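[1] My questions concern the predicted model and sequence given below.
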Amino acid sequence: MSLSFDPKTLAELAALLNETGLSEIELAEGDRKVRLARIIAPVQMAVAAAPVAAAAPVAAAPAVVAPAAADPAKHPGAVKSPMVGVAYLSAEPGSPPYVTVGQHIEAGATLLLIEAMKTFNQIKAPRAGVVKQLLVASGAPVEFDEPLLIVE
């Protein structure tokens with residue numbers, strides 16, 4: 001059996017994958033079936049280095065060197081993704097986020113949503129504390145065990 005698909009339709013489906021952040025689309029019509037998938041590379045956060053000053057005069061105070069950025073995944077307060085999906089910081093576009101940096105939260109509070117297989121999964125706070133850092137943006141793809149935010 002020979003299957004042929006319209007290249008324009010395939011291009012539109014590929015564009016839909018990129019626009020929505022989905023990793024795959026599968027369509028079936030009768031005995032015809034097409035599946036388009038893309039590999040989503042893990043998001044890597046770049047850390048900008050502080051500019052290095054030229055030779056300082058001897059009388060100047062010593063420069064304070066900031067400690068190297070620690071790996072957020074190893075932070076004891078890291079809340080990690082339990083699944084692969086797309087993170088959303090609020091219930092719907094335009095609504096306030098579930099949590100913000102500096103906010104005190106209780107154990108069990110909803111921190112964000114992860115959409116996986118057309119299901120929105122609430123990610124709950126494992127403990128009470130203060131949100132110190134958000135590590136993902138709304139609409140960003142996340143991988144299993146990827147740190148999402150830091151709660152101290």
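    Received it, and whenever you're ready, just let me know what you need.

[2] Walk me through the domains of this protein.
    The chain is divided into the following domains under automatic domain parsing: 7-37, 74-151.

[3] what about the helices in the protein?
    All helices of the chain, identified by DSSP state H, fall at 7-20.

[4] and residue 93, what does it touch?
    Residues in contact with residue 93 (CB atoms under 8 Å, 6 or more residues apart in numbering): none are found. (Glycine included, C-beta is placed from N, CA and C.)

[5] Let's see that with 10 Å instead.
    For residue 93, the contacting residues are 138, 139, by CB atoms under 10 Å, 6 or more residues apart in numbering.

[6] can you check residue 127 too?
    Residues near residue 127 by CB under 10 Å, 6+ apart: 77, 79, 105, 106, 107, 108, 151, 152.

[7] Return the residues in contact with the closest residue to residue 103 other than its chain neighbours.
    Counting by CB to CB, 6 or more residues apart in numbering, residue 103 lies nearest to residue 131, which is 5.0 Å off, once chain neighbours are set aside. For residue 131, the contact set (CB under 10 Å, 6+ apart) comprises 77, 79, 97-105, 109, 111, 125, 149-152.

[8] returning to what we had before: which members of the contacts of residue 127 occur in strands, if any?
    In strands, defined here by DSSP state E, the members of these are 79, 105, 151.

[9] Serialize these to TSV and add fields for pLDDT and distance to residue 26.
    Shown next, in TSV, are these (pLDDT from 0 to 100; distance: CB to CB, whole Å):
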residue	pLDDT	distance to residue 26
79	93	31
105	93	38
151	92	37
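
[10] quick one: which of those has the most company?
    Within the ones in strands among the contacts of residue 127, residue 151 tops the neighbour count with 25 neighbours, counted by other CB atoms under 10 Å.

[11] Relative to residue 149, how far out is the closest residue to it other than its chain neighbours?
    Computed as CB to CB, 6+ apart, the closest residue to residue 151 that is not its neighbour in sequence is residue 129, at 4.3 Å. Noted for residue 129: a distance of 11 Å to residue 149, by CB to CB, to the nearest Å.

[12] Same question for residue 134.
    The gap separating residue 134 from residue 149 is 5 Å, by CB to CB.
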